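got a sequence here, can you build the structure:
(chains A, B, C and D)
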2 protein chains.
Amino acid sequence: MKVTIYDVAKEANVSIATVSNVINKKGRIGEKTRKRVFEAMEELNYEPNVIASALMGKQTKTIGLLIPDLANPFFSELARSIEDRSHELGYNIVICSTDYQEDKEDKYIGLLKQKRVDGFIFASGFEKLSRVEELMKEDIPIAIVARDYPNFSVNAVVIDDYMGGYIAAEHLIEKGHKKISVVAVDIYSNRERIRGFNDALSKHHLQIAQEIDFIGEIEKNHMDVGRKVAERYLQCEDRATAMFACNDLLAIGAIQAAKQAGLKVPKDLSVVGFDNTNIASIVDPPLTTVSQPIQLMGREVMDLIISVFKGEREDNVRVTLTPTLVERESTSEL
Amino acid sequence: MKVTIYDVAKEANVSIATVSNVINKKGRIGEKTRKRVFEAMEELNYEPNVIASALMGKQTKTIGLLIPDLANPFFSELARSIEDRSHELGYNIVICSTDYQEDKEDKYIGLLKQKRVDGFIFASGFEKLSRVEELMKEDIPIAIVARDYPNFSVNAVVIDDYMGGYIAAEHLIEKGHKKISVVAVDIYSNRERIRGFNDALSKHHLQIAQEIDFIGEIEKNHMDVGRKVAERYLQCEDRATAMFACNDLLAIGAIQAAKQAGLKVPKDLSVVGFDNTNIASIVDPPLTTVSQPIQLMGREVMDLIISVFKGEREDNVRVTLTPTLVERESTSEL
DNA sequence: TTGAAAGCGCTACCAA
DNA sequence: TTGGTAGCGCTTTCAA
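Next up is the predicted model:
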């Protein structure tokens, strides 16, 4: 049978209260008793039951992480960085992939609430924030990462999507491109990136070459989406000479479409991506892309939610990180 | 405050025992009382406290998943497939990346045991199985995936690594290659793959061209390892015309090294990878690789561990899946 | 068919 | 400095 605090108490000849106290370093305990208790714990190979203490209202030391898709490199890298930081701080994370589906979000939030996670980190791309508000009303700590809700007061670590789009456009404009299309999916961050992109274009009296082609269904596989959208663009006469893809996967799909159409990247078509995931550097040509500081984001968002637990932060804090352009070989002078 | 079973009981004018019974569909309950209880639950928005019932010895509906690195595409895809199946079955998984470090494994196993996970799935590449044996002795269900322990009785879903290596070799031999090197890291599965590879070579009176160059330190970034090892091979005079890399990341690193050395893949050097992760098809050239049925593996291992929970499987079961060669464009006739 | 009561392992409060 | 004890929210006999 599992060894409990009672067994330790008996072995050490003290009460369970004392054992509990030494474990939690509370109250003042005599040095010898403390030692005796530790010895007993060692002896019996005692492992505290987190479940029981959670029932007493203590933390479960577990955080729920909702992301769209764990198999997507951006999110798996982000999850990894969150995981690392959480372990450093003594927490575990349970990951749920929502595939951008609200019913899954609902289901997972419910499940995790039952399990009394200490808080939620959302990296999910859902549009509604009613669920978030609900959790906040219940005083469950939440933090959002890689996803902005403007005009809404939450703890969030975001990058400046608008600026990301803006610098992508500037890069392309500098290279002399005038006809540029955009490949995106219909989620908030992409819309912001496009807004920034557009503004940069306008500043130079340019505009997006072909109508933006949002894909209604946010299909699971962004690469396929990128390929399909790019194919359509490429068939137009007077086609664009450059494309801005709102994430790396989309960009890679676009490059594949270009290759298939017999075009050379970047000679015949420049492509800039977004995210700077690990795959950006392994594709051919290596992707010029707007970099999100994934490691930092993961770390920051964990630190943020922890500070909420500790009550160190009263108000809702928004940490905005800056994207940077990483120039590789998928873009060139016109 | 949180609404408890007591609140529901009061609202429905029954005892908590009755409420508990209707929740768990146990005992025989009158139709009207059952309805009354459900109404009360609805009314009060009751959510059962999993923590409390776990304390009574019931399942936590949570499974620990130990993998080497969540940011590695093979493992993130595997984790995703396990996650999907776990959610279908009403479980959550908590993921821990071990980086192949035993101290991390120890730490995470300890943490998860304290949290009373219902079982463990190991995809980790650790060499020692003392931890596994320990858990088995404590009657904690475990299952292993993508990692074989020969001569050891555990629940496991594996692919035939030996066979994978064998078919990789046969493919290269068919293409007329005679001088072939191997890029690997020093973990069990890689050794098995090499063993199969070697045997296939021997059958054709061939042998590995350059000495196998295990990297002592299993560095985090396999791509770098692949690049470094391949660089060394490529500098040798009378260099190999083909390489077998024991995973896709290694293969991609090798291809990068070849490109850097001014070699064309596959014209000057054929490379075959292992795993068939998503990135295999997006690199250039698309990778010829030995495919592991990742989706299936995830599903099978979940089903396996669940069947252990249910006591449906008494003995330790080993499910062996078959690798297949996916021919793309990184290999060609000599 | 229902309910009273005894825990599960732990923390927190108050007494000693 | 230590210990007794009342719960936390639930499940599970055993009686009623």
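
only C-alpha atoms from now on, for both contacts and neighbour counts.
OK.

pick out the residue nearest the middle of chain A.
What sits nearest the mean C-alpha location of chain A, by CA atoms, centre = their mean, is A:Ala123, with 4.2 Å.

from A:Ile140, how far out is it?
As for A:Ala123, its distance to A:Ile140 is 16 Å (criterion: CA to CA, to the nearest Å).

got it, and A:Asp118?
As judged by CA to CA, A:Asp118 and A:Ile140 stand 7 Å apart.

who has more neighbours, those two?
Just comparing A:Asp118 and A:Ile140: by other CA atoms under 10 Å in any protein chain shown the higher neighbour count belongs to A:Asp118, 22 against 18.

next, the contact list for the more buried one, please.
If a contact means CA atoms under 8 Å, 6 or more residues apart in numbering or on different chains, then A:Asp118 has A:59-64, A:140-141, A:309 as its contacts.

before we move on, the earlier item: what pLDDT is listed against the residue nearest to the centre of chain A?
According to the per-residue confidence, A:Ala123 scores 92 in pLDDT.

what are the phi and psi values for it?
Backbone torsions of A:Ala123, given as degrees, to the nearest 10, read phi -120, psi 10.

pretty sure it is touching A:Arg147, no?
Yes. Using CA atoms under 8 Å, A:Ala123 is in contact with A:Arg147, at 6.3 Å.

what's the separation between A:Leu234 and DNA strand D?
Noted for A:Leu234: a distance of 58 Å to DNA strand D, by CA to the nearest atom of the strand, to the nearest Å.

find me the pLDDT at the residue in the stretch 201-334 of chain A positioned nearest to DNA strand C, would you?
Taking CA to the nearest atom of the strand, DNA strand C has its nearest neighbour within the stretch 201-334 of chain A at A:Lys310, 14.1 Å off. pLDDT, the model's per-residue confidence, is 86 for A:Lys310.

what do you get for A:Gly216?
52.

burial count for the closest residue to DNA strand D within the stretch 51-200 of chain A?
Of all residues in the stretch 51-200 of chain A, A:Met56 sits closest to DNA strand D, with a separation of 4.0 Å (CA to the nearest atom of the strand). Residues within reach of A:Met56, counting by other CA under 10 Å, total 11.

what do you get for A:Tyr149?
Per other CA under 10 Å, the neighbour tally for A:Tyr149 reads 15.

helix/strand/coil for it?
Here A:Tyr149 takes the coil state, with states given by DSSP: H, G, I helix; E, B strand; the rest coil.

so what's it up against?
The contact partners of A:Tyr149, taken as CA under 8 Å, 6+ apart, number zero.

one step back: which pLDDT value belongs to the residue of the stretch 51-200 of chain A closest to DNA strand D?
Predicted confidence (pLDDT) at A:Met56: the value is 92.

on that earlier part again, just give the number of residues close to the residue of the stretch 201-334 of chain A closest to DNA strand C.
The criterion is other CA under 10 Å. On that basis, A:Lys310 has 9 neighbouring residues.

repeat for A:Arg28
For A:Arg28, the count of nearby residues is 10 (other CA under 10 Å).

you'd agree it is in a helix?
No. Counting by three-state DSSP, A:Arg28 is located in no helix; its state is coil.
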